[in-house]
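*Asks:* Give me a model of this one.
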Amino acid sequence: SSSSSTNTTSTDNNNDNTAKSVGTVGIILGPDVGRRTSPSQLRARLEGHLTSSPDKIDPSLIREKLNEEATRVEQENTEKSKLSLQDLDDAIQQRDGGSTQLTLMYSLCGNVAITAFKFFAYTRTGHSAMFTEAVHTLVDVANQCILAYGWREAMRAPDSNYQYGYGRAAFFYSLLAALSTFGFGAVYTCYQGVHGLLYPHATELVGDVWTLAVLSVSLLVDGVVLRRALLNTRKEAKRANLTMWQWVAAFKDPFTIAVVFEDSAAVLGVVLAAMGIAATHYTGNPVYDSIASLAISGLLGAVSLKMVMLNHEFLLGRPLEQETLQQISSLLKQRGSIDAIFAVQSQWIGPHAFSYKAEVDFDGTWLAAQVYEQYSHEIIQAMERGTLRGDLGWLLPCFSEDITRVLEREVRAIQAEVRAKHKEAAFVEIVPDSSQTAKLALENMKSLFRTAEYNQLTALLQHGNHSEAYKLGCMYIDSGHYEKAIAPLSSCLQKREQMYGKDHPEVAVVLDKIGRVYFQLGDMERAVLFLSRAVTIFQQTGPGEKRLDYADVCESLGMVYREIRQPTKALRLLKISFDVRKELLGSVHSSTVRVLDSLAAIYSSLPVRRAEAVPFLQELLEIRTLVFGEHTREVCGVLLRLASVYQKIGDATHALDTLQRLVPSLHRCYSSNSLTLAKHLSTAGTLYLELRQWQSALSCLRECLDIREKLLGLEHHDVVPTLNRLVALHHKLGIPLPPHWPS
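*Replies:* The predicted structure is shown next:
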């Protein structure tokens with residue numbers, strides 16, 4: 001879009017309009033043009049506006065700038081046409097291909113020499129195993145030639161015919177090498193072994209010196225090449241922060257891995273051939289020679305099949321590892337511009353390059369905040385002049401254009417950040433999308449008035465204010481955008497540390513929020529780090545007026561310790577939080593009850609301290625009875641937990657009393673055909689069984705079975721356990737089984 005001039009009727013405002021139009025062109029044609037634009041189209045559009053409204057825009061004031069901008073756009077479009085190819089070329093060239101090439105050359109030269117020696121030894125001795133090894137090594141020579149050519153193809157830079165590059169050639173030629181190993185190596189050596197078993201013949205033993213020499217040299221050369229390949233593998237694995245075997249499983253370099261597999265097979269093949277020849281030498285039975293050939297054939301077949309499977313995955317388009325996808329998603333969600341990520345597509349397009357595509361919902365409020373100051377000034381001036389209605393004709397197109405450019409800059413920034421963290425990211429495609437594509441945001445705002453966008457915009461504009469940054473972080477937490485909350489909360493933390501010092505309660509409050517964010521994201525190590533520091537600050541300085549904040553921090557850290565299975569620390573912190581909340585807010589406050597429930601749950605899960613859960617459950621029962629009433633689902637849930645604890649600690653009397661109170665409440669809380677009622681009756685019946693109350697157990701389990709049989713049928717997997725308990729109980733009490741029950 002380009003600007004149209006202000007529609008005014010007063011000649012006194014012409015100079016102002018002309019100056020404003022010049023400024024508008026500066027907005028549209030700023031230094032951050034992102035989309036591909038035809039310079040001729042740009043020039044035609046702008047000149048068309050100039051000639052259509054000469055009374056409002058002075059062409060002489062913007063002609064020079066127009067020429068400069070058109071030239072700059074043309075240069076930028078030329079650079080953009082090369083951008084994707086350069087990205088992939090950089091991803092390829094940044095890898096150290098020299099070590100892979102050197103490994104291939106080592107293997108090729110070594111195998112050529114060994115092949116000649118083995119065939120010479122076979123002509124001298126006639127050993128079947130020696131011939132098998134010679135064929136094996138000859139196939140390896142052919143494979144090295146295939147891999148060397150494949151490496152050369154894979155390292156080619158992208159061109160207009162193959163914009164994604166030639167990286168997959170690595171997997172294709174590695175597949176060819178694997179098939180040649182299977183077809184010419186495994187199959188033929190298997191034939192040799194079977195033929196030797198069916199038609200055994202005595203071998204000449206006069207050439208055993210040659211055999212021993214050739215096998216020794218083969219073992220030495222293959223061992224040196226294998227060592228070289230393993231060193232290269234270890235180097236690449238270290239670069240990728242993986243163990244060597246993890247890197248091999250990831251199949252990041254098919255050439256080096258092919259050499260590792262083939263030379264490992266070669267070393268083992270030499271050992272097997274030596275064993276077969278030695279057995280034949282000492283026994284005079286050529287069958288051992290043929291058995292060694294069959295063993296080598298099986299070894300080659302196993303290696304080739306494994307290589308085929310690995311290459312097959314990448315040729316079909318193997319997606320990125322789940323850990324890498326999670327890292328990229330986390331990186332995107334941490335940006336303030338992104339609200340959500342939808343469809344994600346990824347695949348490896350070469351040994352050292354992958355493509356990533358994600359459909360993301362951009363935050364319009366964040367985008368608006370980037371140009372708010374500039375346009376608010378223009379709008380305020382138009383309101384003061386009384387020309388806002390006419391000025392909207394050029395303000396809205398300019399605003400839309402600049403929002404588009406902000407979005408384009410943000411996409412490029414995201415791509416650069418992903419590539420900085422993942423060097424193999426050759427193609428990163430971010431596609432704007434939204435779950436409300438069919439809705440107009442304006443209509444949505446009219447139908448549902450919301451102040452969240454306004455508050456978010458205010459916080460974004462006042463990012464230097466630590467309070468606004470804190471509000472923005474809390475807003476992101478409330479909306480579930482935990483990754484986005486990290487940046488504003490970290491900024492707030494830094495500013496509060498500068499203002500108050502690192503050991504101030506205001507700092508501890510922010511540390512609590514950051515710790516909760518990491519807890520929600522599953523990063524327990526960082527959660528413990530931030531929350532422990534917050535607790536330490538409160539304990540050293542005294543919470544003072546922030547006792548509730550201290551209780552919040554203790555609860556947060558206690559829940560983290562509960563999650564990572566450190567119940568002793570969790571109980572200590574949750575007790576502190578409970579006591580403070582009970583004193584300041586009262587027993588029936590929702591946050592107090594929440595902490596009380598957590599304490600009861602932790603004690604109930606600890607066999608040694610399970611009895612300590614009883615007073616907490618009793619207090620929880622009293623509170624829920626007071627708040628919700630006697631015969632309610634909330635009370636029934638606590639009664640079930642209390643009865644279970646009584647049964648496990650051996651207090652049969654209180655367990656029976658609790659169950660007798662529970663069962664009538666269950667019938668009043670749930671309808672007679674409720675699966676939830678059946679579930680609770682099954683739990684109660686099981687408790688009665690463990691307390692040896694057979695008749696009560698029979699009543700609960702029979703009612704449970706009737707409900708589940710009616711709704712699910714007797715053959716359903718949820719019904720079978722209850723049916724089995726009832727059958728055993730009928731046999732114990734001597735009661736005949738109903739005829740429709742399965743035997």
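
*Asks:* Residues contacting the helix or strand containing residue 344, please?
*Replies:* Counting by DSSP states H and E, the element that carries residue 344 is strand 338-350. Residues outside strand 338-350 that contact it (Cβ atoms under 8 Å, 6 or more residues apart in numbering): 88, 92, 154, 164-168, 170, 314, 317-320, 325, 329, 332-333, 354-363, 426-427, 433, 435, 481, 484. Where you see a C-beta, it was placed from the backbone N, CA and C, and this is true even at glycine.

*Asks:* With stretch 305-317 instead?
*Replies:* For stretch 305-317, with Cβ under 8 Å, 6+ apart as the criterion, the contacting residues are 168, 171-172, 174-175, 177-179, 181-182, 251, 254, 257-258, 261, 347-348.

*Asks:* cool, stretch 665-677 as well?
*Replies:* Contacting residues not belonging to stretch 665-677 are listed as 630-633, 635-636, 639, 680-681, 684, 707-708, 710-712 [Cβ under 8 Å, 6+ apart].

*Asks:* Can you give me the buried ones in stretch 674-692?
*Replies:* The neighbour-count criterion (16 or more other Cβ atoms under 10 Å) identifies 677-678, 680-689, 691 as the buried residues of stretch 674-692.

*Asks:* again with stretch 327-346
*Replies:* With burial defined by 16+ other Cβ under 10 Å, the residues of stretch 327-346 counted as buried are 328-329, 331-341, 344, 346.

*Asks:* and which of these is nearest to residue 146?
*Replies:* Nearest to residue 146 among the buried residues of stretch 327-346, counting by Cβ to Cβ, is residue 346 at 28.6 Å.

*Asks:* what's the nearest residue to that closest one if we skip its chain neighbours?
*Replies:* Spatially, and ignoring its direct neighbours in sequence, residue 346 is nearest to residue 320 (4.2 Å; Cβ to Cβ, 6 or more residues apart in numbering).

*Asks:* which residues of the stretch 351-500 of the chain fall in strands?
*Replies:* 353-362, 425-432 (DSSP state E, counting those that start in this stretch).

*Asks:* Pick the most deeply packed of those.
*Replies:* With neighbours defined as mean count of other Cβ atoms under 10 Å, those peak in mean count at strand 353-362, which reaches a mean of 20.

*Asks:* partners of it in the sheet?
*Replies:* Within its sheet, and counting by DSSP bridges, strand 353-362 is paired with strand 338-350 (antiparallel), strand 425-432 (parallel).

*Asks:* so where does the residue nearest the centre of the chain fall, helix or strand?
*Replies:* Ranked by distance to the mean C-alpha position of the chain (Cα atoms, centre = their mean), the top residue is residue 326 at 1.6 Å. With elements delineated by DSSP H and E, residue 326 resides in helix 322-333, which encompasses its position.

*Asks:* Residues touching that helix, excluding its own?
*Replies:* Where contact means Cβ under 8 Å, 6+ apart, the residues beyond helix 322-333 that reach it are 319-320, 338, 341, 344, 346, 356, 358, 360, 414, 417-418, 421-422, 481-484, 521.

*Asks:* Could you tell me the angle between that helix and strand 425-432?
*Replies:* Following axes from the mean of the first three to the mean of the last three Cα atoms, to 10 degrees, one obtains 50 degrees for the angle between helix 322-333 and strand 425-432.

*Asks:* Tell me the gap between helix 322-333 and the middle of its chain.
*Replies:* Between the mean C-alpha point of helix 322-333 and the mean C-alpha point of its chain there is a distance of 4 Å (Cα atoms, centre = their mean, to the nearest Å).

*Asks:* do the same with stretch 224-237
*Replies:* Distance of stretch 224-237 from its chain centroid, counting by Cα atoms, centre = their mean, is 30 Å.

*Asks:* how about it: buried residues?
*Replies:* Buried-residue list, stretch 224-237, by 16+ other Cβ under 10 Å: 225-226, 228-230, 232-233, 236-237.

*Asks:* List the ones among those that fall in helices.
*Replies:* Cross-referencing those against helices under DSSP state H gives 225-226, 228-230, 232-233, 236-237.
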